[in-house]
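# 3D model of this:
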Amino acid sequence: MEGGALSVRCGNGIEVSGAGISFHLDPRSLSTKKVPQGTVCCTSHAHSDHIPSTFERKGPNRIVSSEFTRRFISEIKGRAIEAEHCDKVRLHDAGHVTGSVMFEMDVEGQRVLYTGDFSPRDRFRIQGARPVKVDVLLTEATFGKPQYVFPPTERIFKVMTDWIEDSLSQGFSVALFTSSNLGKTHELIHALRDLEPRVHGTISESSRLLQRCGLDLEIKEHEPGDVSTPGVLIGAHGQSMTQEIMSANRKGRRFRKASVSGWAANGNKRGYVDEQFAISDHADHDELLAFVKACSPRMVYVGHGYASELAGEIRQKLGIDACPVPSAGQQCLLNY
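Numbering: from 1, shown residues only. Coordinates of the predicted model:
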């Protein structure tokens, strides 16, 4: 394919550039001190480790993103974030959380896809990521080791529901912890709706924002100290939430606690929980490899997780050139 040099490196997020155009993907700063003039900033989704933490004080702050992600950042951060449009960027569903997208970019005549965090599975009101034929792929590797293969989600929800019902029948309330206030938390609320779960303060705000953005989601908020009858509580950040439950409720010892996380796939249970369930809004190891193969790129850059391990497997099993995204201070130039 005809084209010039394409540069990829870690910097202000992941920086991809060619002659006359530059993209900052999931940048941590929108300040002009970090974003050169003419750079296009793209934010894949609204998890805290992917959104800007510093902003331009005097001028506008603009990003290419879904409307939900832009609004979420604006409301949570208290900053006016404006929508950016770029003819060289196309958005695709990432299947990770509400509003998550992948970015397909035209750089130096080459098609480049940045996945951000993604999942190929269709879930509660979220369409899974679909492969895109590209020249260069930038993929995450959160669960990029072979021990992280998730069982079918429907089966895990059945096991979880049975465990919850058994606990309730024995007089225990149940607290379910996730790692984030946006994502599979709301899939849990929907899947367990017959048990009338209550949401903890760690996810109440994001749940109300989802409702304001049009998502049909019924939520009942938890009242601290309400342990009159056994019930189900869903929240984020397990250890801090556990401490709050135990200090606020005299009957806190009557809680059973479970984490809901892809990390449970390796079988190592965290000490503060009684049970764990391997449900994730990321691609697992096998799905990562299948996605790369289906995109059939010439080159793969891997970041956000087990980058070196997954890059090695891509080279060995798929015969595709792959490496971790070059770290800050390094730079990789491709010429095709």
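
# Give me the phi and psi for residue 121.
phi -90, psi 130 (degrees, to the nearest 10).

# State the three-state secondary structure for the spatially most central residue of the chain.
Centroid-nearest residue in the chain, with C-alpha atoms, centre = their mean: residue 117, separated by 4.7 Å. Here residue 117 is coil, with the state taken from DSSP: H, G, I helix; E, B strand; the rest coil.

# Let me see the contact set for it.
Residue 117 is in contact with 44-45, 47, 50, 94, 96-97, 100, 140, 142, 281-282, 304, counting by C-beta atoms under 8 Å, 6 or more residues apart in numbering. Every residue, glycine included, has its C-beta placed from N, CA and C.

# Using neighbour counts, trim these to the buried set.
44-45, 47, 50, 94, 96-97, 100, 140, 142, 281-282, 304 (16 or more other C-beta atoms under 10 Å).

# picking up where we left off before, could you check the distance from the closest residue to the residue nearest to the centre of the chain other than its chain neighbours over to residue 119?
What sits nearest to residue 117 in space, not counting adjacent residues and going by C-beta to C-beta, 6 or more residues apart in numbering, is residue 96, at 4.5 Å. Residue 96 sits 6 Å away from residue 119, taking C-beta to C-beta, to the nearest Å as the criterion.

# Residues that sit against both of these two, list them.
Common neighbours of residue 96 and residue 119, counting by C-beta under 8 Å, 6+ apart, are 129, 281, 282.

# Near the first one, how many residues? Count them for me, please.
The one in question is residue 129. 26 (other C-beta atoms under 10 Å).

# Is residue 207 part of a helix or strand, or is it coil?
Going by three-state DSSP: residue 207 is helix.

# how many neighbours does the residue lying closest to residue 306 once chain neighbours are set aside have?
Of all residues beyond its chain neighbours, the one nearest residue 306 is residue 144 (3.7 Å), with distances taken as C-beta to C-beta, 6+ apart. Residue 144: 26 surrounding residues under other C-beta under 10 Å.

# so residue 144, which of the three states?
Residue 144 - assigned by three-state DSSP - is coil.

# and it, what pLDDT?
Looking at residue 144, its pLDDT stands at 97.

# quick one: contacts for it?
Counted by C-beta under 8 Å, 6+ apart, residue 144 has contacts 285, 288, 302, 305, 306, 307, 309, 310, 313.

# Nothing else from me, thank you.
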